[in-house]
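Participant: Let me see the structure of the following:
(one chain, ligands or ions: 2)
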Amino acid sequence: MAILASPMKGFYNMSKKKILTVIGARPQIIKAAALSRAIRSHYASTIEEVLVHTGQHYDENMSAVFFEELGIPLPDYNLAVGSGTHGHMTAAMLSGIEDILYKEQPAAVVIYGDTNSTIAAALAAAKIHIPVVHIEAGLRSFNKAMPEEINRISADHMSTLLFVPTKAGINNLTNEGFQLEQHLPASIDAPNVYHCGDIMYDNSLYYAKLSNEKSTIIEQLGLQPNAFILCTVHRDSNTDNPKALQGILEALQQLIVQTNLEVILPIHPRTKNKIESLLSADFQQKMAGQKKLRMIAPAGFLDMIALEQNAKMIITDSGGVQKEAYFFAKPCVILREQTEWIEVVAAGAAILTGPNKEKIISAATHLLGQKITTDPAIFGDGNAAAFICEKIISDL
Ligand code: UD1
Ligand code: UDP
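Facilitator: Ligands and ions are numbered 1, 2, ... in the order given. This is a model prediction of the structure:
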């Protein structure tokens, strides 16, 4: 790949801004759909987007399916980094992204959330003086044992524009010394921080309509509305510790007996691998015998929304699924000790349990008796993507 030796000066004043978006993990592909749609429909004359996929997620049902069904343009580059240890993955992404940045010379790099793809892109860009735009900035779990906490704190401190979904995120950033006054142009030393709502809420509103029209998963699985629990598990703290993983699965089995609800578990490849490698053959056989515990392949987004909308309750350790539970007014058991989305817990719509079997059962039992609403409106008005485009144009 050709590499330009010149420093990155003078690219910020072009009338049409070229942004380079870096995605890699499933939720980032989904989030990128909202910005990409806003650019194509309203900002095509002012913003040009180059899309880089690191290849962190690569299975058909963890990556390609989202490009097809969400109508996202195919990536201009795919680094095909694949799976590995944190260091190996991040290093491969860092060097691949840097090569592309020298070639494309964008006005800014757009990153999402807190994955290894996020930190690699932030570091590659910041070191060669390309402004970083961090979408879903400011979130904190205050648990640095989470790889995502390291990624998100570092990415925020390398960013020039920080788009924060919630008030709690704004508080976290001000506590870390970020100022809220605006700078024109913004820079890494004088970043602009905006409370703009959640880009995933834009998506859920938009794709819920499409999901109602197109998804047939409820019929395919023979499900009745409000007669099943939807569950997802993929955090390393839950999957890589056999006691935690087994505790969660035992809780699900007991809830089936107690409530007579089915459990639908679209299974992340990490979790599938860990069930097979860490749990005893006896336990796996017992699980297979529980016909109401239904493990299915990772769902496409339209199917996932249909499952969420029709579920009686959601049990998850996913960041995105926690929020979607709230968007669709579903009670949520959060299989974590902390959450970045503290407002949802404060509203009484979700309970933190970690992987503790008794706590999961008790939280689920309590929440099944509660009426959940979407009040207060924690995640904005569904127009975060347009707001972000406006600020990219005006602030850089
Ligand atoms: C990653 C993110 C996490 C995010 C999640 C979304 C980091 C540190 N973690 O976690 O923040 O919540 O994505 O889903 O960036 N695998 C496959 N096929 C795939 C992808 C993964 O088989 O397409 C398996 C591999 O065995 C791999 C394991 O899943 O080692 C974990 O993948 P990885 O991307 O490292 O982390 P996630 O757990 O997916
Ligand atoms: N999701 C999906 N299919 C699934 C599981 C999740 O489409 O089988 C979607 C989910 O609706 C949400 C996003 O993926 O929009 C969340 O991604 P994930 O749980 O992998 O990561 P996290 O949000 O925890 O980083």
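Participant: which bits of the protein sit near ligand 1?
Facilitator: Residues of the chain found near ligand 1 (Cβ under 6 Å from any ligand atom) are 25-27, 56-59, 62, 83, 114-116, 147-148, 234, 269-270, 273. To be clear about C-beta, it is placed using only N, CA and C from the backbone, and glycine gets the same treatment.
Participant: For stretch 184-192, which outside residues touch it?
Facilitator: The contact list for stretch 184-192, computed with Cβ atoms under 8 Å, 6 or more residues apart in numbering, reads 12, 126, 129, 131-132, 158-162, 178, 182-183, 391, 394-396.
Participant: Whichever of these end up buried, select them in ChimeraX.
Facilitator: Command for ChimeraX, covering only those of those found buried under the criterion 16 or more other Cβ atoms under 10 Å:
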select :126,131,132,158,159,160,161,162,178,391,395,396
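Participant: Looking at the contacts of stretch 184-192, which are in strands?
Facilitator: Members of the contacts of stretch 184-192 lying in strands (criterion: DSSP state E): 132, 161, 162.
Participant: separation between residue 351 and residue 241?
Facilitator: Distance, residue 351 to residue 241, by Cβ to Cβ, to the nearest Å: 21 Å.
Participant: In helices, which of the contacts of stretch 184-192 appear?
Facilitator: 126, 391, 394, 395 (DSSP state H).
Participant: Nearest to residue 90 among these?
Facilitator: residue 126 (14.2 Å; Cβ to Cβ).
Participant: For the nearest residue to that closest one once chain neighbours are set aside, give me its contacts.
Facilitator: Spatial nearest neighbour of residue 126, excluding adjacent residues (Cβ to Cβ, 6 or more residues apart in numbering): residue 158 at 3.9 Å. Taking Cβ under 8 Å, 6+ apart as the criterion, residue 158 is in contact with 122, 123, 125, 126, 132, 188.
Participant: repeat that with 10 Å
Facilitator: Applying Cβ atoms under 10 Å, 6 or more residues apart in numbering, we find residue 158 in contact with 109, 111, 119, 121-127, 131-132, 134, 188, 191.
Participant: Separate out the buried members of those.
Facilitator: Looks like those have 109, 111, 119, 121-126, 131-132, 134, 191 buried, using 16+ other Cβ under 10 Å.
Participant: Farthest pair within those residues?
Facilitator: Greatest spatial distance among those (Cβ to Cβ): 124 and 191, at 17.8 Å.
Participant: which stretches of the stretch 251-396 of the chain form strands?
Facilitator: 262-266, 293-296, 313-316, 332-334, 350-352 (DSSP state E, counting those that start in this stretch).
Participant: could those be laid out in a markdown table, adding mean pLDDT and mean neighbour count?
Facilitator: Converted to a markdown table, the strands of the stretch 251-396 of the chain look like this (pLDDT from 0 to 100; neighbours: other Cβ atoms under 10 Å):
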| stretch | mean pLDDT | mean neighbour count |
| --- | --- | --- |
| strand 262-266 | 98 | 21 |
| strand 293-296 | 98 | 16 |
| strand 313-316 | 98 | 25 |
| strand 332-334 | 98 | 29 |
| strand 350-352 | 98 | 21 |
